[in-house]
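Novice: Fold the following and give me the result.
(2 chains)
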2 protein chains.
Amino acid sequence: MSGWPESVEIGEVGPRDGLQNEATVPIGDRVRLIDALSATGLRRIEAVSFVSPAAIPPMSGAGEVMAGITRVPGVAYRALVPNVKGAELALAAAVDEIEVVVSASETHNQRNVKRSVADSIAAAAKLTELAHGAGTPVEAIVSTAFGCPYEGDVPEARVAELAHQLRDAGADRLSFGDTTGMASPRRVQTLLDALAAVGISASEVGLHFHNTRGTGLANVVVAMELGVTRFDASIGGLGGCPYAPGATGNIVTEDLVHMLEDMGVHTGVDLDALIACAHVAQDIVGRELPGQVMRSGPRTRTVETQA
Amino acid sequence: MSGWPESVEIGEVGPRDGLQNEATVPIGDRVRLIDALSATGLRRIEAVSFVSPAAIPPMSGAGEVMAGITRVPGVAYRALVPNVKGAELALAAAVDEIEVVVSASETHNQRNVKRSVADSIAAAAKLTELAHGAGTPVEAIVSTAFGCPYEGDVPEARVAELAHQLRDAGADRLSFGDTTGMASPRRVQTLLDALAAVGISASEVGLHFHNTRGTGLANVVVAMELGVTRFDASIGGLGGCPYAPGATGNIVTEDLVHMLEDMGVHTGVDLDALIACAHVAQDIVGRELPGQVMRSGPRTRTVETQA
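Specialist: As a prediction, the model looks like this:
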């Protein structure tokens, strides 16, 4: 297809979005996973979130994790923060980028962070100012961008308007989360059209798909055809959202890389190293993960014929 | 996308391709599944195969299954046959269509049916003549069309040449099987180009994807953009190939229908009825199937807010 890009950037979210649903994960395991991922060629890793330990216990100890990892030059280690206090902690830990999430659904935002969307935008503006003062870029993520498990369809125009407000609030990058796997290729197209209408081009957009209903990689392919070159994924398919029922599973990093590389779309990531990381992730959570290439092997791995 | 069709035809393969890997399935359960599928709006169901009971025990009793089902007008009940004898049995059971499979990989064909590709083509010609004498159409399926688990990549030109030979042998329809889930969107494009070069257009082509490496629905979307409107899928994701190691999982019928309908591509299939069938299939095999929409529910099923 003429529309596939030469390369894409994959943001790994397993250590944060992936592990945040676990009962508890030792600091050492989180460090081990991040360090393994740092050696694969991935350039952006969502490593931690600076949230209340009471709210999300498995994410506690973010500062210790950041202090424990071995930073690889060229890899950006990112932290999700919910508010100014989180941003202060993240900056103190010298993260390379701060992420802030606002939901396009009022109900989801209330349930997720117990605040209105307007209050979340105001908080995003404040913490962005703080981050910029420290020279640290901020990515704003619009969640439930393809639908909300409580409200159902979310109007694309509302998503676009929120993105526009977050950019006005200073966000350096914009991403859009399919929080509970409600996206389909058509909705990708519709959202990108709505974003273009407010002056946000596909080339500026990052997309974060969940594979809850099996459409994740199809969404990626269509998004690429429409000009998107930045995607989040989670090693082994770790993840989901604790406040979004049924939201199991980000798209799987190694399955994404496997598909893209076979399409001639360069990712810069070593697939074998990534599969090894998926096994580390599986070992940490102690159950089978949804990643498929980690089980089947890459398509290039043939069975030795015995004839 | 301008390239998506208004409608596609989905061929259900669960009762045959899906169940053939099970240790054994009672005739009554096979009839129950086929009858449930007949009520969903699906128009083509691969119901049985007339193969040696010694070779594939779970598929024994094909005649009894065909005699036991309640045929719904407008639904074509199809049977896979390996040879002339199988075709005779299928015709005696009054199937609506006969399918014959030939592998594009010599090694896979030998392992699958213990014959050379040339011998398989000759057998296909003979049984097609027999079927046509009875007024029954024949679909020829080229397996390992996107790669072979033994030989690795299979040249597209070889797949196209084989398809051409099968058409010369009288096949009414042509399909291409991604037997072990080695396809990616690029390979779909490459194969369709090779077929066009021998005079087989995308509109004549049926595609049978396995989701072994997660690319199944992405392949469907790109194939549609290139003009394909006929796809096989398996209820709940039942299936695989007993002679192809690691080949777990056809693409999932209800996940496919869910995605397509949300894209505005009409399937004529009732999603809720299909999800009910997936639970029947899961009940029959007694383990969790890979289908995702059967677990998460359709994207339209929101959580009742309790606020």
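Novice: which bits of the stretch 201-307 of chain A sit near chain B?
Specialist: Counting by CB under 8 Å from any CB of the partner chain, the residues of the stretch 201-307 of chain A close to chain B are A:211-215, A:217-218, A:220-222, A:225, A:245-246, A:248, A:252, A:255, A:258-259, A:262-264, A:292-293, A:295-300, A:302-303, A:305, A:307. The C-beta positions use only the backbone N, C-alpha and C, and glycine is treated the same way.
Novice: List the contacts of A:D272.
Specialist: With contacts defined as CB atoms under 8 Å, 6 or more residues apart in numbering or on different chains, A:D272 has no neighbours.
Novice: For it, pull up the helix or strand it's in.
Specialist: Secondary-structure assignment from DSSP states H and E places A:D272 in helix A:271-285.
Novice: which of the residues in that helix are buried?
Specialist: Going by neighbour count (16 or more other CB atoms under 10 Å in any protein chain shown), the buried part of helix A:271-285 is A:271, A:274-278, A:280-282, A:284-285.
Novice: ok, so of these, who is nearest A:G177?
Specialist: A:A281 (20.4 Å; CB to CB).
Novice: Correct me if wrong: that closest one contacts A:E22.
Specialist: No. In terms of CB atoms under 8 Å, A:A281 does not count as a neighbour of A:E22; the distance is 10.6 Å.
Novice: what does the stretch 51-200 of chain A have sitting close to chain B?
Specialist: Within the stretch 51-200 of chain A, the positions adjacent to chain B are A:107, A:110, A:147-152, A:181-182, A:184-187, A:189 by CB under 8 Å from any CB.
Novice: right, and the secondary structure at A:A47 would be what?
Specialist: Secondary structure, DSSP: H, G, I helix; E, B strand; the rest coil: A:A47 is strand.
Novice: ugh, wrong one, I meant A:T24
Specialist: In terms of secondary structure, A:T24 is coil; the call rests on three-state DSSP.
Novice: Tell me, how many residues neighbour the residue nearest to it when sequence neighbours are not counted?
Specialist: Spatial nearest neighbour of A:T24, excluding adjacent residues (CB to CB, 6 or more residues apart in numbering or on different chains): A:P58 at 5.4 Å. Look at A:P58: counted by other CB atoms under 10 Å in any protein chain shown, it has 18 neighbours.
Novice: now swap in A:P155 and tell me
Specialist: Residues within reach of A:P155, counting by other CB under 10 Å, total 10.
Novice: Also the one 5 residues further on?
Specialist: Neighbours of A:A160 under the rule other CB under 10 Å: 24.
Novice: so it touches A:G199, yeah?
Specialist: No. Between A:A160 and A:G199 there is no contact under CB under 8 Å: 9.3 Å.
Novice: I'd say the residue nearest to A:T24 and A:D17 touch.
Specialist: No. Here A:P58 does not reach A:D17: they are 11.5 Å apart, not a contact under CB under 8 Å.
Novice: quick one: average pLDDT of whatever helix or strand A:F231 lives in?
Specialist: With the criterion set as DSSP H and E, the secondary-structure element containing A:F231 is strand A:230-233. Mean per-residue pLDDT for strand A:230-233: 98.
Novice: Spatially, what comes nearest to the residue nearest the centre of chain A if we skip its sequence neighbours?
Specialist: Ranked by distance to the mean C-alpha position of chain A (CA atoms, centre = their mean), the top residue is A:D232 at 4.1 Å. In space, not counting the residues next to it along the chain, A:D232 is nearest to A:H208; the distance is 4.0 Å by CB to CB, 6+ apart.
Novice: mind checking the SS state of A:D193?
Specialist: Secondary structure for A:D193, judged by three-state DSSP, is helix.
Novice: Pull the number of nearby residues for it.
Specialist: Applying other CB under 10 Å, we find 13 other residues in the vicinity of A:D193.
Novice: Quick check: it touching A:V159?
Specialist: No. Here A:D193 lies out of contact with A:V159, judged by CB under 8 Å, at a distance of 11.3 Å.
Novice: Now do the same contact list for the closest residue to A:H210 other than its chain neighbours.
Specialist: For A:H210, ignoring the flanking residues on the chain, the nearest one in space by CB to CB, 6+ apart is A:G181 at 3.9 Å. If a contact means CB under 8 Å, 6+ apart, then A:G181 has A:209-213, A:215-216, A:246-247, A:249, B:296, B:299 as its contacts.
Novice: Quick one: distance of the helix or strand containing A:S175 to the chain centre.
Specialist: When elements are assigned from DSSP H and E, A:S175 belongs to strand A:173-177. Relative to the mean C-alpha coordinate of its chain, strand A:173-177 is positioned 9 Å out (CA atoms, centre = their mean, to the nearest Å).
Novice: got it, and stretch A:138-145?
Specialist: Averaging C-alpha coordinates over stretch A:138-145 and over its chain gives two centres that are 10 Å apart (CA atoms, centre = their mean).
Novice: and for it, what are the contacting residues?
Specialist: In contact with stretch A:138-145 (CB under 8 Å, 6+ apart) are residues A:78, A:97-105, A:108, A:112, A:124, A:127-128, A:131-132, A:151, A:154, A:159, A:162-163, A:166-167, A:169-180, A:191, A:206, A:208.
Novice: same thing but 7 Å
Specialist: Residues from elsewhere that reach stretch A:138-145 (CB atoms under 7 Å, 6 or more residues apart in numbering or on different chains): A:97-105, A:108, A:124, A:128, A:131, A:154, A:159, A:162-163, A:166, A:170-179, A:191, A:208.
Novice: quick one: A:P53 from A:S143, how far?
Specialist: Using CB to CB, to the nearest Å, one obtains 22 Å as the distance from A:P53 to A:S143.
Novice: all helices for the stretch 51-200 of chain A, in order.
Specialist: Listed in chain order, the helices of the stretch 51-200 of chain A (DSSP state H, counting those that start in this stretch) span residues A:62-68, A:84-92, A:106-113, A:117-133, A:156-168, A:185-197.
Novice: Make JSON lines from those and add mean pLDDT and distance to A:A36 to it.
Specialist: What follows is the helices of the stretch 51-200 of chain A, written out as JSON lines (pLDDT from 0 to 100; distance: least, CB to CB, whole Å):
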{"stretch": "helix A:62-68", "mean pLDDT": "97", "distance to A:A36": "13"}
{"stretch": "helix A:84-92", "mean pLDDT": "97", "distance to A:A36": "22"}
{"stretch": "helix A:106-113", "mean pLDDT": "92", "distance to A:A36": "29"}
{"stretch": "helix A:117-133", "mean pLDDT": "97", "distance to A:A36": "28"}
{"stretch": "helix A:156-168", "mean pLDDT": "97", "distance to A:A36": "32"}
{"stretch": "helix A:185-197", "mean pLDDT": "98", "distance to A:A36": "31"}
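Novice: returning to what we had before: neighbour-wise, which of the contacts of A:G181 leads?
Specialist: A:T215 (34 neighbours).
Novice: Tell me what A:A79 is bridged to.
Specialist: Taking DSSP bridges, one finds A:V48, A:I98 as the beta-bridge partners of A:A79.
Novice: show me the contacts for it.
Specialist: By CB under 7 Å, 6+ apart, the residues touching A:A79 are A:47-50, A:62, A:90, A:95, A:98-99.
Novice: what's the closest of those residues to chain B?
Specialist: Closest approach to chain B among the contacts of A:A79 (CB to the nearest CB): A:S49, at 23.6 Å.
Novice: isn't that closest one right up against A:P57?
Specialist: No. When contacts are counted by CB atoms under 7 Å, A:S49 is not listed as touching A:P57 (11.8 Å).
Novice: Brilliant, that's me finished.
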